[in-house]
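**Q** have a look at this prediction, sequence included:
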Amino acid sequence: MTSRTANPKVLLVSLGGTIAMTRSHTDGAARPTLGVSDLVAAVPQLSDTDVTIATLPASVAPVPGASLSLDAIEALAVQLGTMEKEGSIDGAVVMQGTDTLEESAFLMSLIYSGRAPVVVTGAMRAPHLAGADGPANLLAAVSVAGSSAARGLGVLVAFNDQVFDPARVRKAHSTSTAAFTAPDTGPLGVVAEGKFRLLATPAHTPAPITGTATNRVHVGLYTASLGDDGSHLPHLLSHADGMVIAGFGVGHVPERWVPALHEAAQRIPVILASRTGGGTTLSSTYGFSGSEKDLLNGGLIGAGHLDPYKARLLLLTLLQRGADRDRIRRAFAPAGTAPEGRG
């Protein structure tokens with residue numbers, strides 16, 4: 001664990017994404033080409049902070065957010081935890097594409113073990129566009145990563161001068177520079193006058209999931225939609241090691257899906273989430289066939305406030321490390337914000 005210094009050392013890592021893209025001279029389309037030094041050079045205000053900037057000795061090949069791999073994100077989370085434990089950094093900023101930012105930030109939060117803040121950010125507008133937001137997001141992220149107020153909060157997301165819990169944040173707009181939000185909680189804090197101002201703390205911060213990801217598993221995600229008779233479900237369930245069902249509303253599915261889901265839940269963990277992106281799954285309000293009560297009684301596990309994408313990552317991370325059903329249930333209860341007395 002590192003100690004705070006007058007000039008905290010913040011490591012910058014760029015994985016690519018819009019923040020690192022330039023326009024091609026051949027077709028005018030944007031592709032990731034910029035490295036960390038290029039991104040730092042675009043933010044002269046970084047020299048006005050009390051932060052010492054550091055970079056990885058080996059460069060990371062920039063890729064679009066859609067091409068990031070789970071292995072790369074997990075390896076980075078482990079590497080940052082090791083560096084923090086060795087005392088070589090006081091914080092880190094990870095820049096990446098926004099397409100998968102909410103998922104990779106959450107995945108890192110499941111594995112990263114340090115107390116130094118790791119702040120994930122990116123951009124909605126490439127550097128060559130008017131009003132490019134990358135420099136401002138990078139400056140804000142560095143301010144958070146170097147702040148004593150962020151210490152102990154683990155992984156955070158900084159975007160548009162707002163700071164979010166990775167378990168709650170979601171990309172809610174395809175193009176807006178204010179694309180990121182947290183429907184249930186709002187931001188944990190803001191960046192104002194170059195300083196991080198903490199306004200709230202997460203209700204639950206789970207301990208990092210330890211162990212080596214030795215199992216190669218497949219966890220699917222299937223979303224309920226009007227008129228889907230579920231004819232594909234038995235095949236998908238038979239080829240999965242785990243499944244997340246993104247149900248209607250508080251956790252409902254068509255009645256025709258029920259036998260396949262009940263049968264699968266006896267073999268593999270099946271998580272019941274809500275496709276809405278806000279709110280929580282329930283446990284006992286509705287009792288019809290295909291309701292949340294019916295599905296939970298049939299062996300499914302409720303995701304609570306975790307959206308389907310994050311529920312999939314939590315289940316995948318646990319299964320990769322050989323977690324049994326009891327451990328999976330225990331992990332989902334507090335991670336999804338279990339009812340008082342049950343987490």
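**A** Okay, I see it. Keep in mind that what you see is a predicted model, and the values were worked out from it rather than measured.

**Q** what's around Gly131, how many residues?
**A** 8 (other C-beta atoms under 10 Å). C-betas here are computed from N, CA, C, even on glycine.

**Q** surely it is in contact with Thr175?
**A** No - using C-beta atoms under 8 Å, Gly131 is not in contact with Thr175; the gap is 11.7 Å.

**Q** what about stretch 94-114, distance to the chain center?
**A** Distance of stretch 94-114 from the chain centroid (C-alpha atoms, centre = their mean, to the nearest Å) equals 5 Å.

**Q** swap in stretch 203-221?
**A** Centroid displacement of stretch 203-221 relative to its chain, using C-alpha atoms, centre = their mean, is 13 Å.

**Q** show me what contacts the closest residue to Gln162 other than its chain neighbours?
**A** Spatial nearest neighbour of Gln162, excluding adjacent residues (C-beta to C-beta, 6 or more residues apart in numbering): Pro187 at 4.1 Å. If a contact means C-beta atoms under 8 Å, 6 or more residues apart in numbering, then Pro187 has 162-164, 199 as its contacts.

**Q** in strands, which of those residues appear?
**A** 162-164 (DSSP state E).

**Q** most neighbours among the residues you listed, which one is it?
**A** Val163 (31 neighbours).

**Q** show me where the stretch 51-200 of the chain has its strands.
**A** In the stretch 51-200 of the chain, the segments counted as strands under DSSP state E, counting those that start in this stretch are 52-55, 91-95, 118-121, 155-159, 162-164, 170-171, 180-181, 189-192, 195-198.

**Q** what's the pLDDT at Thr335?
**A** Heads up, residue 335 is Ala, not Thr. Here, the pLDDT recorded for Ala335 equals 69.

**Q** do the same with Thr5
**A** 60.

**Q** can you check His25 too?
**A** 84.

**Q** also Pro57?
**A** 71.

**Q** any idea how many residues pack against it?
**A** When neighbours are counted by other C-beta under 10 Å, Pro57 comes out with 5.

**Q** in what helix or strand does Leu272 lie?
**A** For Leu272, the host element (DSSP states H and E) is strand 270-274.

**Q** mind listing what's buried in that strand?
**A** 270-274 (16 or more other C-beta atoms under 10 Å).

**Q** now flag whichever of those residues is closest to Ser37.
**A** Taking C-beta to C-beta as the measure, Ser37 lies nearest Ala273 of these, at 40.8 Å.

**Q** I'd guessed that closest one sits against Ala311; true?
**A** Yes - using C-beta under 8 Å, Ala273 is in contact with Ala311, at 4.7 Å.

**Q** overlap in contacts, the two.
**A** 244, 303.

**Q** sec struct for Thr22, please.
**A** Assigned with DSSP: H, G, I helix; E, B strand; the rest coil, Thr22 falls in the strand class.

**Q** pretty sure it is touching Gly28, no?
**A** No - using C-beta under 8 Å, Thr22 makes no contact with Gly28, being 10.8 Å away.

**Q** of these two, which one has the most company?
**A** Thr22 (14 against 8).

**Q** report the contact partners of the more buried one.
**A** Thr22 makes contacts with 30-31, 33-34, 126-128, as judged by C-beta under 8 Å, 6+ apart.

**Q** swap in 6 Å and give it another go.
**A** Residues near Thr22 by C-beta atoms under 6 Å, 6 or more residues apart in numbering: Thr33.

**Q** quick one on the thing from earlier: with respect to Arg327, which of the buried residues of strand 270-274 is nearest?
**A** Ile271 (13.6 Å).

**Q** my guess is that closest one contacts Met243. True?
**A** No - using C-beta atoms under 6 Å, Ile271 makes no contact with Met243, being 7.2 Å away.

**Q** give me the phi and psi for the residue nearest to Gly230 when sequence neighbours are not counted.
**A** Leaving aside its sequence neighbours, Gly230 sits nearest to Trp257 (C-beta to C-beta, 6+ apart; 4.0 Å). Dihedral pair for Trp257: phi -80, psi -20, per degrees, to the nearest 10.

**Q** one more: the one 4 residues further on?
**A** Dihedral pair for Leu261: phi -70, psi -40, per degrees, to the nearest 10.

**Q** what's the local residue count around it?
**A** Neighbour tally, Leu261, other C-beta under 10 Å: 25.

**Q** can you check the one 4 residues further on too?
**A** Applying other C-beta under 10 Å, we find 22 other residues in the vicinity of Ala265.

**Q** isn't it right next to Leu300, touching?
**A** Yes - at 5.2 Å, Ala265 counts as touching Leu300 under the criterion of C-beta under 6 Å.

**Q** distance of Ser88 relative to Ser37?
**A** 19 Å (C-beta to C-beta, to the nearest Å).
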